[in-house]
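Peer 1: fold the following, please.
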Amino acid sequence: MILVTGANGQLDSATLAALHSRGAFATGGSRAPSDGMRRLDFDDPAGIDLTGVSTLVLISAGYAEDDQVIGRHAAVLDAAVRDGVRHVVYTSLTGAGDHLAFALAHRATEQLVRACGLPWTILRNGLYAELFGGLLMWADHGVEVAFGDGALAAVPRADLADAAAIIAADPAHHNGRTYDLTGTPITAAQVADRLGVPHRTIGVGEYRGRLLDEMPELLPFQPPMLVSIATGIRHGERYNRILAEGLLYACTWLSEDQRREALAVWNIHYNYHSAPWHNRRSTAGIPATRWGN
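Peer 2: Purely as a prediction, here's the structure:
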């Protein structure tokens with residue numbers, strides 16, 4: 001049996017639905033389970049029951065501070081080992097997102113997954129396309145954003161759910177693999193043009209102030225997380241290139257041409273814009289999602 005954690009969430013429920021559409025024997029786990037689901041509360045380690053589960057799809061429990069998230073993931077992985085789970089699929093964060101405020105919890109969990117002793121597959125998901133749209137700030141004159149001219153290779157949740165379902169249904173072929181799943185890069189200006197509305201860039205400081213002043217419902221950890229997304233989109237490509245240049249100048253090359261060729265290859269790999277499965281159609285029929293490993 002396949003079990004998808006947090007099955008009342010958006011990615012979680014979409015993954016479970018994708019599994020069911022393929023005829024997979026799958027159920028969900030949640031602290032408030034619906035009919036037919038299993039109760040699964042990561043904050044109650046002693047009560048986590050994964051008996052009878054062959055493949056665990058661990059959807060990141062990222063709606064908390066890092067220490068709490070990592071502790072939750074550690075608890076469910078301990079239960080997976082104890083209860084005889086045979087494969088773990090973990091939904092992580094794309095490698096190009098290492099500079100985001102919430103990346104550490106994902107990378108720490110990846111280490112836990114690799115060290116737990118069970119067969120594993122890690123899906124490094126790009127940021128949700130729905131989140132990108134949700135971060136646009138509407139004003140009377142149009143759209144205001146702190147993204148500048150930066151582009152985000154966002155992915156619809158449905159595509160990520162399909163990818164997770166494909167792998168969870170036949171995990172043996174993906175054992176020990178890490179896949180980056182990203183979409184076609186898009187800018188806020190392109191979104192505004194598509195909507196036919198004006199677009200204005202605001203500063204990161206102004207964006208932070210609006211989050212703090214106009215959205216009191218946000219939890220304490222959320223404004224820094226959202227600001228890191230904004231500045232990551234705004235400066236991400238420049239950051240990647242500066243980092244690449246620094247690493248490559250520290251190496252010994254036989255010629256400048258060799259160094260430049262290595263830089264080009266490194267940038268392509270880092271940004272996952274030309275991955276081995278780039279532009280291939282997966283068995284789920286999701287050609288817009290880019291897979292890299």
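
Peer 1: from here on, contacts and neighbour counts on C-alpha atoms
Peer 2: Fine.

Peer 1: and for Gly23, the neighbour number?
Peer 2: Residues near Gly23, counting by other C-alpha atoms under 10 Å, number 10.

Peer 1: and it, what is it in contact with?
Peer 2: For Gly23, no residue meets the contact criterion (C-alpha atoms under 8 Å, 6 or more residues apart in numbering).

Peer 1: what do you get for the one 4 residues further on?
Peer 2: Under the criterion of C-alpha under 8 Å, 6+ apart, the neighbours of Thr27 are 1-4, 16, 36-38.

Peer 1: can you give me the strands for the stretch 151-293 of the chain?
Peer 2: Counting by DSSP state E, counting those that start in this stretch, the stretch 151-293 of the chain has strands at residues 151-152, 177-182, 186-187, 199-201, 290-292.

Peer 1: okay if I get the contacts of Thr27 as CSV plus distance to Ser30, pLDDT and neighbour count?
Peer 2: Formatted as CSV, the contacts of Thr27 follow (distance: C-alpha to C-alpha, whole Å; pLDDT from 0 to 100; neighbours: other C-alpha atoms under 10 Å):
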residue, distance to Ser30, pLDDT, neighbour count
Met1, 16, 96, 14
Ile2, 14, 97, 23
Leu3, 10, 97, 25
Val4, 9, 97, 29
Leu16, 12, 95, 26
Gly36, 11, 84, 9
Met37, 7, 91, 19
Arg38, 7, 92, 21
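
Peer 1: what's the closest of those residues to Asp98?
Peer 2: Asp98 lies nearest to Val4 out of the contacts of Thr27, by C-alpha to C-alpha, at 25.2 Å.

Peer 1: out of the strands of the stretch 151-293 of the chain, which is closest to His106?
Peer 2: In terms of C-alpha to C-alpha, the element of the strands of the stretch 151-293 of the chain nearest to His106 is strand 177-182, at 12.8 Å.

Peer 1: which regions of this structure sit below the pLDDT cut-off?
Peer 2: Residues of the chain meeting the criterion pLDDT under 70: 237-293.

Peer 1: wait, Glu130 touches Pro156, no?
Peer 2: Yes. The pair Glu130 / Pro156 is scored as a contact, 6.5 Å apart, by C-alpha atoms under 8 Å.

Peer 1: who's more crowded, these two?
Peer 2: More crowded of Glu130 and Pro156, by other C-alpha under 10 Å: Pro156, with 19 against 12.

Peer 1: which residue sits closest to the more buried one, ignoring its sequence neighbours?
Peer 2: Ala129 (4.9 Å; C-alpha to C-alpha, 6 or more residues apart in numbering).

Peer 1: still on that earlier bit, got CSV for the strands of the stretch 151-293 of the chain, with distance to Gly62 too?
Peer 2: As requested, the strands of the stretch 151-293 of the chain are exported to CSV (distance: least, C-alpha to C-alpha, whole Å):
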stretch, distance to Gly62
strand 151-152, 20
strand 177-182, 18
strand 186-187, 25
strand 199-201, 29
strand 290-292, 23
